[in-house]
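>>> Structure here, sequence nowhere to be found:
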């Protein structure tokens, strides 16, 4: 979720809704660029990792010609996790690896030998966020000690789709606890179950949240693909801060059943990958109607069978794009990167016009926050009532945290949980009014900008360069960011790397109307191919000015 709009609103100055940036580093303020090649003491770090920056197509080709097997690929990623995540830089992105991963890989190798191929994900290891149910040996906890040991009885719908497609569930990633909806002073990437995830580019910087582990893991080549979840910014923000492609689909394209919720109207899972093509592959494989999630009925007839058909390197030619006017000014390094990205877009044949979406959507922040407070209580209570976990209600979670304060709340409290738990149900007139205002207002703002300017999409800075991890003061605000309009509207949003500031990645956002993922993939792919801004992380040590 994105705190920026709330921090700009004085009446909500303390309300933490996640991820964009953090307070000053313990090593001091940033004054200089870190020396080239500086790195932490990472003894045992494999700088020549065999699968570095590999794509799904690369892996499939190597399995086809016998260079690799699914088992060998899985072994290499498991070793990489031990080397980079548990030792060396110690990213702390992966909560646990799947005890069945190698067994699954062997089964898929046998299928390949027998001539059975399930599709482009056959034998591909995927890490998923630890708020997504898997009916196996892996617990699903949302990073909370209150849910430690909870094992789901049924796969989430998207996990069923993953398994059917032949993907290997490699493990679960750390996250901002309760998807960063716990405290007004939380730190992105920290959970009581998993501790603090680091940014693989500069290790004292935030990976952003709440899909922090998925972002850091995919960026650091701990997996072929990763999956995150978003309510407001929790896919695109960590993707931006970790140099990835992050795609938040239209709410309803991917099912949310079996995912620990925040918001019935804004939640969705989505791909976090190193390339646009891989995001397109994963997007299509997991889309589908689900009887357990009524919103997916709206996707009927709108799901594309293969989203890779939209990938056109010349796809920007003749396109009209709106750029958020508010992001063209200010002192953030992201502004200069945006100007460079606009030059690339124009050179590829796109026409750029200025639009002002945030002027209409920023004032909706308080209404959005109220919607999430109401929907969180309703959704969590419904999930826990069926989960078979030790805690059965949100009230139980709050009590557990209070009774285990030293371990569950060593740095920040649970004000958001408590505020949510005090509210009545979704029939509340206050909730209904807030939902109408935030959702309809955001949709109206985006639709008006798109229609009145005959636009194919809107571009903006995804968020400012990552600030520093500060467990004492929590996340801070500052700098441009563009997650909220699409989040409130339930519209699709994709971010693509557009460069670095002082060694920290920054993403370029493409936003469109409902179920326009194909169009956004065309735009994002053409920009990606023309700019080539993805850079693998170097695990640089904190630097002092």
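It's in. Note that the structure is predicted; figures quoted are calculated from it, not measured.
>>> Show me where the stretch 1-150 of the chain has its helices.
4-7, 56-64, 70-80, 101-113 (DSSP state H, counting those that start in this stretch).
>>> nearest to residue 392, of those helices?
helix 4-7 (30.4 Å; CB to CB). (C-beta placed from N, C-alpha, C; glycine too.)
>>> ok, now which ones touch residue 392?
Counting by CB atoms under 8 Å, 6 or more residues apart in numbering, residue 392 touches 384, 385.
>>> mind checking how far it is from residue 129?
As judged by CB to CB, to the nearest Å, residue 392 and residue 129 stand 23 Å apart.
>>> going on from the lengthiest helix in the chain, what's the next piece of helix or strand?
The single longest helix within the chain, with elements called by DSSP state H, is helix 365-387. For helix 365-387, the following helix or strand on the C-terminal side (DSSP states H and E) is helix 394-403.
>>> right, and the helix or strand after that following helix?
Past helix 394-403, the next helix or strand by DSSP H and E is helix 405-408.
>>> Quick check: which ranges of the stretch 351-500 of the chain have low pLDDT?
Within the stretch 351-500 of the chain, the stretches with pLDDT under 70 are 478.
>>> how about a cut-off of 80?
The model of the stretch 351-500 of the chain has pLDDT under 80 over residues 477-479.
>>> Give me the most central residue, the chain.
In the chain, the residue lying closest to the centroid (CA atoms, centre = their mean) is residue 235, at 1.8 Å.
>>> In contact with that one, which residues are there?
By CB under 8 Å, 6+ apart, the contact list for residue 235 reads 211, 228, 229, 246, 247, 248, 270, 272.
>>> Compare those residues and tell me which has the most neighbours.
Most neighbours among the contacts of residue 235, by other CB atoms under 10 Å: residue 211, with 41 neighbours.
>>> Who's the closest spatial neighbour of that residue, skipping the chain neighbours?
residue 228 (2.8 Å; CB to CB, 6 or more residues apart in numbering).
>>> isn't that neighbour right up against residue 267?
No - using CB atoms under 8 Å as the test, residue 228 is too far from residue 267 to be in contact (11.5 Å).
>>> and residue 344, what element?
helix 333-347.
>>> Show me what that helix is packed against.
strand 320-324, strand 351-355, strand 457-461, strand 493-501, strand 504-511, helix 517-531 (3 or more CB pairs under 8 Å, 6 or more residues apart in numbering; DSSP states H and E).
>>> in this protein, what spans have low per-residue confidence?
1-47, 477-479, 543-545.
>>> Which residue of it lies farthest from its centroid?
Residue of the chain lying farthest from the centroid, by CA atoms, centre = their mean: residue 114 (36.4 Å).
>>> Looks like residue 413 contacts residue 185 (just checking).
Yes - counting by CB under 8 Å, residue 413 does reach residue 185; the two are 7.4 Å apart.
>>> Tell me which entries of the contacts of residue 235 lie within strands.
Under the assignment DSSP state E, those contribute 228, 229, 246, 247, 248, 270, 272 to strands.
>>> Look up which residues are beta-bridged to the third one.
Read it as residue 246. Beta bridges link residue 246 to residue 272, residue 495, judged by DSSP bridges.
>>> Pull the contacting residues for it.
Neighbour list for residue 246: 215, 228, 235-236, 238-240, 270-272, 279, 494-495, 507 [criterion: CB under 8 Å, 6+ apart].
>>> Need the residues you listed in TSV (columns: distance to residue 197).
Putting the contacts of residue 246 into TSV (distance: CB to CB, whole Å) gives the following:
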residue	distance to residue 197
215	8
228	12
235	15
236	17
238	9
239	14
240	15
270	18
271	19
272	13
279	21
494	23
495	19
507	18
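>>> Give me the three-state assignment for the spatially closest residue to residue 130 that is not a sequence neighbour.
In this structure, residue 130 finds its nearest non-sequential neighbour in residue 172, 4.1 Å apart by CB to CB, 6+ apart. Under DSSP: H, G, I helix; E, B strand; the rest coil, the three-state class of residue 172 is strand.
>>> Could you report the neighbour count for residue 172?
Residue 172 has 26 nearby residues by other CB under 10 Å.
>>> check contacts around it.
Per CB under 8 Å, 6+ apart, neighbours of residue 172: 94-96, 98, 127-130, 132, 134, 138-140.
>>> if we go to 6 Å?
If a contact means CB atoms under 6 Å, 6 or more residues apart in numbering, then residue 172 has 95, 96, 130, 138 as its contacts.
>>> Could you dump these into JSON lines and include distance to residue 255?
As requested, the contacts of residue 172 are exported to JSON lines (distance: CB to CB, whole Å):
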{"residue": "95", "distance to residue 255": "23"}
{"residue": "96", "distance to residue 255": "24"}
{"residue": "130", "distance to residue 255": "18"}
{"residue": "138", "distance to residue 255": "19"}
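>>> Show me which of those residues is closest to residue 468.
residue 95 (23.0 Å).
>>> quick one: the closest one from residue 134, how far?
12 Å.
>>> With residue 332 instead?
Look at residue 332 and residue 134: by CB to CB, they are 39 Å apart.
>>> If you tally nearby residues, what's the number for residue 363?
14.
>>> I should have written residue 437 there, sorry.
Neighbourhood size, residue 437 [other CB under 10 Å]: 18.
>>> ok, now which ones touch the closest residue to it other than its chain neighbours?
Closest residue to residue 437 apart from its sequence neighbours, by CB to CB, 6+ apart: residue 367 at 4.4 Å. By CB under 6 Å, 6+ apart, the residues touching residue 367 are 434, 437, 438.
>>> Filter those residues down to the ones in helices?
Short answer: the contacts of residue 367 in helices (DSSP H) are residue 434.
>>> wait, which of the contacts of residue 367 is closest to residue 66?
For those, the nearest to residue 66 is residue 438 (53.7 Å; CB to CB).
>>> shouldn't the closest one be in contact with residue 368?
Yes - when contacts are counted by CB atoms under 6 Å, residue 438 is listed as touching residue 368 (4.4 Å).
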